[in-house]
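Peer 1: model this:
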Amino acid sequence: MRGHYKPATINRSIGTVKTALKIAYRKRLIAEDYGARIQRIPENNQRHNYLSIKQVKELYDCCSEQVRAAVWIALLTGCRRGEILKLTPSDIQGDRLRIVAGNTKMLRQRTIPIIPAVRPWLRYVPLQINFEGLKTGFDRARKKAGIDVNFHDLRHSCASLLINMGAPLGVVRNILGYTTVKTTERYAHLHVDRQEEALMMLSKAVVSA
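Peer 2: Numbers count the residues shown, from 1 in each chain. Coordinates of the predicted model:
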């Protein structure tokens, strides 16, 4: 699977095999828990670019209309590219956006509040562009804007902006559809930065008193 899939994707498959072998051992179908011998591979998925709203607007100026819609939906909902491309008008339910289970990476349905800023872009749903078209259009736009990012960075940027605005990690986790707090820990340093800012204000108040 190496060379074709990311380490995290491979590890999910390895995890499934390990679980199956553990169950087989408990049911005495095999003589040993062979899954214990299987090692997960190292994950080096630490590259995260967090865009500011200003940078997103710079990208916007270089995008086609369809790509613009995808960019703002990604930033304002935290949705993945595949989830955005599979949205249909029936998923727009009043003031809620439904992300169907079969369209998500974790195969779990989630509901995201529709905020005013994203409402105009939902008029483009379903997007008249496919996966390759969005990939190519976004790549062209980010090169023109001179910003070294990929589309998935918009999802991380959504989390970054929310945390910097004071949103708890648990709330961010639910919006992005992560299944565990551990997955959200990649943003923990941003949360600590907010705490440091608050304590620095306290420090200045004490020093100047």
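Peer 1: from now on I want contacts and neighbour counts done on CA atoms only, so please keep to that.
Peer 2: Will do.
Peer 1: next, count neighbours for G166.
Peer 2: Burial of G166 is recorded as 11 neighbouring residues (other C-alpha atoms under 10 Å).
Peer 1: whoops, I mixed them up, A36
Peer 2: For A36, the count of nearby residues is 11 (other C-alpha under 10 Å).
Peer 1: same deal with Y60?
Peer 2: Using other C-alpha under 10 Å, Y60 is surrounded by 20 other residues.
Peer 1: so how far is Y50 from the residue lying closest to it once chain neighbours are set aside?
Peer 2: Using C-alpha to C-alpha, 6 or more residues apart in numbering and skipping residues adjacent in sequence, the residue nearest Y60 is R68, 5.6 Å away. Using C-alpha to C-alpha, to the nearest Å, we find R68 at a distance of 18 Å from Y50.
Peer 1: among these two, which residue is more densely surrounded?
Peer 2: The neighbour count for R68 versus Y50, taken as other C-alpha under 10 Å, is higher for R68 (23 against 17).
Peer 1: what about that one, helix or strand, and which?
Peer 2: Using DSSP states H and E, R68 sits within helix 65-77.
Peer 1: quick one: list the elements packing against that helix.
Peer 2: Packing contacts for helix 65-77, counted by 3 or more C-alpha pairs under 8 Å, 6 or more residues apart in numbering; DSSP states H and E, involve helix 53-60, helix 81-85, helix 131-145, helix 153-164.
Peer 1: okay, the ones you listed in TSV with mean pLDDT and distance to V125 next?
Peer 2: What follows is the helices and strands packed on helix 65-77, written out as TSV (pLDDT from 0 to 100; distance: least, C-alpha to C-alpha, whole Å):
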stretch	mean pLDDT	distance to V125
helix 53-60	93	18
helix 81-85	94	8
helix 131-145	95	14
helix 153-164	88	18
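Peer 1: would you list those in a markdown table and tack on distance to T9?
Peer 2: Formatted as a markdown table, those follow (distance: least, C-alpha to C-alpha, whole Å):
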| stretch | distance to T9 |
| --- | --- |
| helix 53-60 | 28 |
| helix 81-85 | 16 |
| helix 131-145 | 19 |
| helix 153-164 | 18 |
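Peer 1: to V17, which of those helices lies closest?
Peer 2: Closest of those to V17 is helix 81-85, at 25.9 Å (criterion: C-alpha to C-alpha).
Peer 1: which positions in the closest one come out as buried?
Peer 2: R81, E83, I84, L85 (16 or more other C-alpha atoms under 10 Å).
Peer 1: how far away is the third one from A24?
Peer 2: Between I84 and A24 the distance is 39 Å, computed by C-alpha to C-alpha.
Peer 1: now swap in the first one and tell me
Peer 2: R81 is 37 Å from A24, where distance means C-alpha to C-alpha.
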